[in-house]
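>>> Kindly return the folded structure for what I paste below:
(one chain, ligands or ions: 1)
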Amino acid sequence: MTKYLIDTHAHLDMRINNAGEDETQNSNEQVKEIIAEMEQYGVKKVIIPSVEVKYLNRISEIALKYDNVYSMVGIFPTEAKTYNDEVEEKLLETVKNNSKTVAVGEIGLDYYWDKEFNDVQKNVFIRQIKLANKLNLPIVVHDREAHKDSFDILNEYNINSKVLFHCFSGSVEFMRECVKKGWFIAIGGVVTFKNAIKMKEVAKEVPLDKLVLETDSPYLTPVPYRGKPNKPAYVKFVAEEIAKIRNISFDEIAEITSKNAEKFFNI
Ligand code: NI
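Numbering: from 1, shown residues only. This next block holds a predicted model:
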């Protein structure tokens, strides 16, 4: 059986420069190149998360154009202040018009970039959890320095949606609490960083049936390309690192994480 990888989280619409700055949008030609390269690296499918309402149409456009590209709807925590009934209507409309929508995300809490609006973030997180429940779609969580609140809110409000922690950044203990709830853990490029001790520990201990891979490209580029813009192709380096940490084969990691992603997102 041929082994392939799935990048469960790539901002295919976004572009940054080598300094990690100057966020712009990828052109159609640039998206095409990124997807072609990804396929050469054995990455078969990719999912684009949603961050702001103004990018929803562009993300749908890309997902609908390529068989192996899927997308999410949702408003990023630091954009929580922009959330209102009209935005929610737009999210619903996007799901209706884009058959490639596979999750509500990335939603959650970010106390690193935005400390002032914690309560707004919490309310908007709850609203979007309810939206995901209503649509019967999985939830992709962005949790940065907000582990306890993220856990408590999901625990209290989520009824029927599957849950995935994107770019997991908690401890082994927190990972175990999440796994106990049946939630999934996504690991990205940070695991390849030499000093990412906690992340490597999580990669070693997470039950394989709860693990998926991601890049969060164009951000968080893995070694050996750290410092350059990230691409879905580089999910290969994440898989290699986890295989090394767990002392199992690359093929095994590829097979189980791809199967998990396909089942989780129904793709
Ligand atoms: Ni992201």
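>>> Any stretches of the stretch 151-267 of the chain with poor pLDDT?
Within the stretch 151-267 of the chain, not a single segment meets pLDDT under 70.
>>> Tell me which stretches of it form helices.
All helices of the stretch 151-267 of the chain, identified by DSSP state H, counting those that start in this stretch, fall at 172-180, 197-205, 235-246, 250-265.
>>> Quick one: closest of those to residue 76.
For residue 76, the closest of the helices of the stretch 151-267 of the chain is helix 250-265, at 19.1 Å, according to CB to CB. In short, each C-beta sits where N, CA and C put it, glycine included.
>>> Could you pull out the buried residues of that closest one?
For helix 250-265, burial by neighbour count (16 or more other CB atoms under 10 Å) applies to 250, 253, 254, 255, 257, 258, 260, 261, 264, 265.
>>> Okay, the second one and residue 153: tell me how far apart.
Meaning residue 253. From residue 253 across to residue 153, the span is 31 Å (CB to CB, to the nearest Å).
>>> From the chain's centre, how far out is the helix or strand hosting residue 133? Work that out for me.
Using DSSP states H and E, residue 133 sits within helix 118-135. Here the centre of helix 118-135 is set off from its chain's centre by 17 Å, with CA atoms, centre = their mean, to the nearest Å.
>>> hmm, who's touching that helix?
With CB atoms under 8 Å, 6 or more residues apart in numbering as the test, helix 118-135 has contacts from 74-75, 77-78, 80-81, 83, 88, 91-92, 95, 103-104, 107-111, 114, 138-139, 149-150, 153-154, 157-161.
>>> For residue 131, the count of nearby residues, please.
By other CB atoms under 10 Å, the residues close to residue 131 number 20.
>>> Likewise for the one 5 residues further on?
Neighbours of residue 136 under the rule other CB under 10 Å: 9.
>>> Not counting sequence-adjacent ones, nearest residue to it?
residue 160 (6.5 Å; CB to CB, 6 or more residues apart in numbering).
>>> Same check on residue 221?
The shortest distance from residue 221 to any non-neighbouring residue, by CB to CB, 6+ apart, is to residue 230 (3.9 Å).
>>> Ok, residue 240 next?
The shortest distance from residue 240 to any non-neighbouring residue, by CB to CB, 6+ apart, is to residue 250 (5.9 Å).
>>> Which residue ranges of this protein form strands?
Applying DSSP state E to the chain gives strands spanning 5-7, 14-15, 24-25, 43-48, 69-73, 101-110, 139-144, 163-166, 184-187, 211-213.
>>> I'd like these laid out as TSV, including distance to residue 199 and mean neighbour count.
Formatted as TSV, the strands of the chain follow (distance: least, CB to CB, whole Å; neighbours: other CB atoms under 10 Å):
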stretch	distance to residue 199	mean neighbour count
strand 5-7	18	28
strand 14-15	23	18
strand 24-25	29	11
strand 43-48	21	25
strand 69-73	23	27
strand 101-110	18	27
strand 139-144	14	26
strand 163-166	13	26
strand 184-187	7	26
strand 211-213	13	25
